[in-house]
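> Curious how this folds, go ahead:
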Amino acid sequence: MKKLDYIDGLKGLGALMVYLCHFVYAFYYAAYSLNPVHAHTKRGLELAIGKSPLNFFYNGNAAVCMFLVFSGFVLCLSYFRTRDKGRLKEAALKRYFRLMPVILYVNVIVFVFMSFGLYRNGEAAVLTGSEAWLGGFHRFPPEVTGMLYESLLGCFLQGSNAYNGVLWTIPYLFSGALVVYLAAYLVGENPFRYVVYAVMLLVSLKTDVYFTGIFLGFVLCDCYSTQKWLVDLYERIPAVPALVFVLGFYLSSYPSFGRELPGTLYGFLPPAYAVIYHIAGAFFLTAGVLGCKALQRFFSGKMFRYLGKISFSLYLLHFPVIASFSCWFFLKFVGRLGYHMTVGLDFLLTTVLVLGVSSLSWKYLEPTGRRLEEFVSRAWKKKQEKGGSV
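Down below sits the predicted model:
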């Protein structure tokens, strides 16, 4: 079965955006708040960037929406290609074991860092002006039971994220995946399944809009895999998917703060729907790449595939590095080198460190999840064989 390397490349882009988002929010908070009070440049360059499409490259909320759409797309890709419902059951059984081990490993690391006072985000936030964001994390005494609960159960069911702030997305990647598997299993071959899909989307819009992202990715996967005539028509004029991609980029770059932006490219959009814009943007970005060979080649490049490979570890590990090393380096050198020089060097060193530890995690920690998946898969197949022989 041919692997879609460009989807992995897009996942890598999303993980990089989340890292950039948290680094920018930590040291140039005005680029998010759009409040001159938080600016560190004389002419408020952060605000100008924050109100422009350059905001896309550190728009963490848009990146999360991209992750959800990409995940929804790949979850049932093998099913729609093979129509093997056994794959859906097996995938649903393995989902928890795919995600949990690395989450647990990283939370143990966070617990150790907090116990030894290695998190310096509170001190750094006073100087960076990011007290409302960076200063709000890890302001409690760590407890083993709380850390274990968050790692093993809480983040999956409730989005508990006291120890690692990024875990708020896990219920969408876990529960959303299970709903998608169930929908594919029950109606995946029904000609009226798109009515069910529409109901899923409407319910998610009314209850929790982030689920809409993973459901949209699922619907896109179905259309891409089963409606060949529509895909062929869409790809016939390359300018169409290219324009769809540009629209996705534009919507994904809408500032997450969601305030009115008169005089900007976003001035005519209602400010209250930032999440809706980001989900729509993620959908159009994905659809654009699916229909454009040039974009597929670009996101299949070696750098994007590497980032896609380590994306889960990068997503989980980058903030502990920022809250510890980045904040320590900033506090150590800001008085000697000045603000911008310190942050610039800090960014270079942090990026190297984040990529390094993420690669190590992918190589040594993530295989635990893969081994657990293989164990569950073998147990499932044995059960199927016994059931078939009866």
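> Cross-check the contact I'm expecting between S326 and V24.
No - using C-beta atoms under 8 Å, S326 is not in contact with V24, being 11.7 Å away. C-beta here means a position set from N, CA and C on the backbone, and glycine is covered the same way.
> Which one's more surrounded, those two?
S326 (28 against 24; other C-beta atoms under 10 Å).
> Spatially nearest residue to that one, not counting backbone neighbours?
Distances taken as C-beta to C-beta, 6 or more residues apart in numbering put T350 closest to S326, at 4.7 Å, once the chain neighbours are dropped.
> next one: V343
Spatially, and ignoring its direct neighbours in sequence, V343 is nearest to F27 (4.8 Å; C-beta to C-beta, 6+ apart).
> Please pull up the helix or strand immediately following the longest helix belonging to the chain.
Across the chain, the helix with the greatest residue count (assigned by DSSP state H) is helix 85-115. Where DSSP states H and E defines the elements, the next helix or strand beyond helix 85-115 is helix 121-128.
> angle of the lowest-mean-pLDDT helix or strand in the chain against helix 85-115?
Within the chain, judged by mean pLDDT, DSSP states H and E, the helix or strand with the poorest mean is helix 366-389; its value is a mean of 76. Between helix 366-389 and helix 85-115, the angle comes out at 150 degrees (axes from the mean of the first three to the mean of the last three C-alpha atoms, to 10 degrees).
> Residues contacting helix 366-389, please?
Residues outside helix 366-389 that contact it (C-beta atoms under 8 Å, 6 or more residues apart in numbering) are 86, 89-90, 93-94, 97-102, 105, 312-313.
> Any idea how far the helix or strand containing Y224 is from the middle of the chain?
Assigned by DSSP H and E, Y224 belongs to helix 210-226. Taking C-alpha atoms, centre = their mean, to the nearest Å, one finds helix 210-226 lying 16 Å from the centre of the chain it belongs to.
> Which strands and helices lie in contact with the longest helix of the chain?
helix 77-82, helix 144-149, helix 155-157, helix 170-187, helix 311-321, helix 366-389 (3 or more C-beta pairs under 8 Å, 6 or more residues apart in numbering; DSSP states H and E).
> what about 10 Å?
Secondary-structure packing of helix 85-115 (3 or more C-beta pairs under 10 Å, 6 or more residues apart in numbering; DSSP states H and E): helix 60-75, helix 77-82, helix 144-149, helix 155-157, helix 170-187, helix 311-321, helix 366-389.
> For those, give me JSON lines that also has distance to P262 and mean neighbour count.
Shown next, in JSON lines, are the helices and strands packed on helix 85-115 (distance: least, C-beta to C-beta, whole Å; neighbours: other C-beta atoms under 10 Å):
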{"stretch": "helix 60-75", "distance to P262": "22", "mean neighbour count": "26"}
{"stretch": "helix 77-82", "distance to P262": "43", "mean neighbour count": "16"}
{"stretch": "helix 144-149", "distance to P262": "45", "mean neighbour count": "14"}
{"stretch": "helix 155-157", "distance to P262": "39", "mean neighbour count": "20"}
{"stretch": "helix 170-187", "distance to P262": "33", "mean neighbour count": "20"}
{"stretch": "helix 311-321", "distance to P262": "34", "mean neighbour count": "25"}
{"stretch": "helix 366-389", "distance to P262": "46", "mean neighbour count": "13"}
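> which stretch among the ones you listed comes nearest E123?
Closest to E123 of the helices and strands packed on helix 85-115 is helix 311-321 (C-beta to C-beta; 16.1 Å).
> what's near enough to touch A91?
75-76, 78-79, 98, 177-178, 180-181, 184, 373, 377 (C-beta atoms under 10 Å, 6 or more residues apart in numbering).
> Would you mind stating the distance between the closest residue to D222 other than its chain neighbours and R95?
In space, and not counting its chain neighbours, D222 is closest to F80: 6.0 Å by C-beta to C-beta, 6+ apart. Distance, F80 to R95, by C-beta to C-beta, to the nearest Å: 18 Å.
> go on, L182?
L182 is 12 Å from R95, by C-beta to C-beta.
> Report the set of residues contacting both of the two.
Shared contacts of L182 and R95, defined by C-beta under 10 Å, 6+ apart, are absent.
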